[in-house]
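**Student:** Please work out how this folds:
(chains A and B)
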2 protein chains.
Amino acid sequence: MKKEVMVEVSARHVHLSQEHVDILFGIGYQLTPDKWLSQPGQFLSKERVNVIGSKKTFENVAILGPVRKNSQFELSLTDCRAIGVEGVLRESGYIDDTPGITIETPNGKVLLDRGVIVAKRHIHMTPQDASDFGVEDKQIVKVKVNTDREVIFGDVVVRVHENFALAMHIDTDEANAAFIGKGVIGEVIM
Amino acid sequence: MKKEVMVEVSARHVHLSQEHVDILFGIGYQLTPDKWLSQPGQFLSKERVNVIGSKKTFENVAILGPVRKNSQFELSLTDCRAIGVEGVLRESGYIDDTPGITIETPNGKVLLDRGVIVAKRHIHMTPQDASDFGVEDKQIVKVKVNTDREVIFGDVVVRVHENFALAMHIDTDEANAAFIGKGVIGEVIM
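**Tutor:** Residues are numbered from 1 along each chain as shown, chains lettered A, B, ... in the order given. Predicted coordinates for the structure are as follows:
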């Protein structure tokens, strides 16, 4: 069996807690799905925020829903340099000792004390996919993409959950380094 | 023998012909070396230019000297998207059928009709290095970097010349994809 996975590119985006949605959009506000993403139940919302760093403001930054326990801002290392924040490489959700940043809408402003991360490249898969691929949750694998600028990505974290769908996520720096446009098939190498 | 090479990061920069130096800085003007680079005789010049795309202007863009036969603007794919120019992957000097762009100083303006490239990753080496590494000019190799975000770069072009010094050059997207800061040692893999 060929161990292939669709490689999807994540541009900068925030995840918000309901507490922060309340501040930014109004008490009890519900994010509005605009486009459903590859992971079941996950969506790009119609709402947008501005993210304000020491050197620059990113306007109209995407919010990915639904709401989470903690707010988080994911960006590329290129973005980090532009906005003026340290680039700290983390798996999503692991935000201890990460930098903070300011998120703003016309309705309100949130001073995140932490949660700014450059996401570790990772593959979402179901337990069945993991069995098919012969890998397990948290395993580190390599993924090769055959573009005009071939790259083998190391340090790819496998994340297994029954609610996941098979897809690899990389950021815009990683996509540009490999000349990946909308998406490409990657081959998992152990 | 370990086949190791220093990996250097090239930010966006231009190379200029003397004809274009004449227009941008005055007839017969000589670029002033500010810092010598790893390749013998190559320098970062004190002079700077603005590069004007359809979506943005990059100000204070570095000029690498000495002058060349043809002017050329090298940038990352991230830069291409920001400034509004198609990203065309090329070896330095191979500028047929590449996009053009406008280069400006307070003294003058040049409308490049071609020469905008995203540089192919490459390794400069001497004939002796090539012999030591067991590779030859134009050969395509892979280079592995052991950072926090391990990457094996494929499609790396070996370029052999007696005036070269051993160094690999990648752009800022490639550096950021691998979390490479000032520089790192890469291992050449065949």
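**Student:** what about stretch A:175-187, near chain B?
**Tutor:** Yes - counting by C-beta under 8 Å from any C-beta of the partner chain, contacts between stretch A:175-187 and chain B involve A:N176, A:A177, A:A178, A:F179. Using the backbone N, CA and C atoms, a C-beta is placed for each residue, glycine as well.
**Student:** what's the span of that stretch, first residue to last?
**Tutor:** 15 Å (C-alpha to C-alpha, to the nearest Å).
**Student:** Any chance you could list what contacts the helix or strand containing A:E174?
**Tutor:** A:E174 is part of helix A:172-177, with elements assigned from DSSP states H and E. With C-beta atoms under 8 Å, 6 or more residues apart in numbering or on different chains as the test, helix A:172-177 has contacts from A:9-12, A:76-79, A:121, A:149, A:151, A:153, A:180-181, B:76-78, B:151, B:173-174, B:176-178.
**Student:** what's the spacing between that helix and its chain's center?
**Tutor:** The gap between where helix A:172-177 is centred and where its chain is centred comes out at 13 Å by C-alpha atoms, centre = their mean, to the nearest Å.
**Student:** same thing with stretch A:14-24?
**Tutor:** That offset, for stretch A:14-24, works out to 17 Å (C-alpha atoms, centre = their mean).
**Student:** for the closest residue to A:F164 other than its chain neighbours, which residues make a bridge with it?
**Tutor:** Distances taken as C-beta to C-beta, 6 or more residues apart in numbering or on different chains put A:H124 closest to A:F164, at 3.9 Å, once the chain neighbours are dropped. Bridge pairing for A:H124 (DSSP bridges) gives the partners A:R159, A:A167.
**Student:** Over to A:V151?
**Tutor:** Once the bridges are assigned, which here means DSSP bridges, A:V151 pairs with A:V145, B:F153.
**Student:** surely it meets A:V184?
**Tutor:** No - using C-beta atoms under 8 Å, A:V151 is not in contact with A:V184; the gap is 10.2 Å.
**Student:** Specify which residue of the two has the higher count of neighbours.
**Tutor:** A:V151 (28 against 19; other C-beta atoms under 10 Å in any protein chain shown).
**Student:** residues contacting that one?
**Tutor:** A:K144, A:V145, A:E174, A:A177, A:A178, B:V151, B:I152, B:F153, B:G154, B:A177.
**Student:** ok, back up a step: what about burial for the contacts of helix A:172-177, which qualify?
**Tutor:** A:9-10, A:12, A:76-79, A:121, A:149, A:151, A:153, A:180, B:76-78, B:151, B:173-174, B:176-178 (16 or more other C-beta atoms under 10 Å in any protein chain shown).
**Student:** Chain A: helices as residue ranges?
**Tutor:** A:18-25, A:77-83, A:127-133, A:172-177 (DSSP state H).
**Student:** A:P99 versus A:V160, what's the distance?
**Tutor:** Distance of A:V160 to A:P99, computed by C-beta to C-beta, to the nearest Å: 29 Å.
**Student:** Now do stretch A:85-96: distance to the chain's middle.
**Tutor:** 11 Å.
**Student:** Check stretch A:95-105 too.
**Tutor:** With C-alpha atoms, centre = their mean, you get 15 Å for stretch A:95-105.
**Student:** Stretch A:13-29 now?
**Tutor:** Using C-alpha atoms, centre = their mean, the mean C-alpha position of stretch A:13-29 is found 18 Å from that of the whole chain.
**Student:** so how far is the first residue of it from its last?
**Tutor:** From start residue to end residue, stretch A:13-29 stretches across 19 Å - C-alpha to C-alpha.
**Student:** any residues touching that stretch, and which ones?
**Tutor:** Taking C-beta under 8 Å, 6+ apart as the rule, stretch A:13-29 contacts A:30-31, A:47, A:49, A:51, A:61-65, A:67-74, A:103-105, A:107-110.
**Student:** can you do 6 Å?
**Tutor:** Contacts to stretch A:13-29, defined as C-beta atoms under 6 Å, 6 or more residues apart in numbering or on different chains, come from residues A:61-64, A:67-68, A:70-74, A:105, A:107-108, A:110.
**Student:** Which parts of chain A belong to which domain?
**Tutor:** Per automatic domain parsing, the domain ranges recorded for chain A read A:11-119, A:121-189.
**Student:** most neighbours per residue, which of those?
**Tutor:** Of all those, domain A:121-189 carries the top mean neighbour count, a mean of 19, counting by mean count of other C-beta atoms under 10 Å in any protein chain shown.
**Student:** Near chain B, which residues of chain A are found?
**Tutor:** Taking C-beta under 6 Å from any C-beta of the partner chain as the criterion, chain A approaches chain B at residues A:77-78, A:89, A:148-150, A:152, A:154-155, A:173-174, A:176-177.
**Student:** how about 8 Å then?
**Tutor:** Going by C-beta under 8 Å from any C-beta, the residues of chain A near chain B are A:76-78, A:87, A:89, A:118, A:120-121, A:142, A:144, A:148-155, A:172-174, A:176-179.
**Student:** residue contacts, the closest residue to A:A119 other than its chain neighbours?
**Tutor:** For A:A119, ignoring the flanking residues on the chain, the nearest one in space by C-beta to C-beta, 6+ apart is A:E74 at 5.0 Å. Shown in contact with A:E74 (C-beta under 8 Å, 6+ apart): A:S10, A:R12, A:H13, A:V14, A:H15, A:S92, A:I117, A:V118, A:A119, A:D171.
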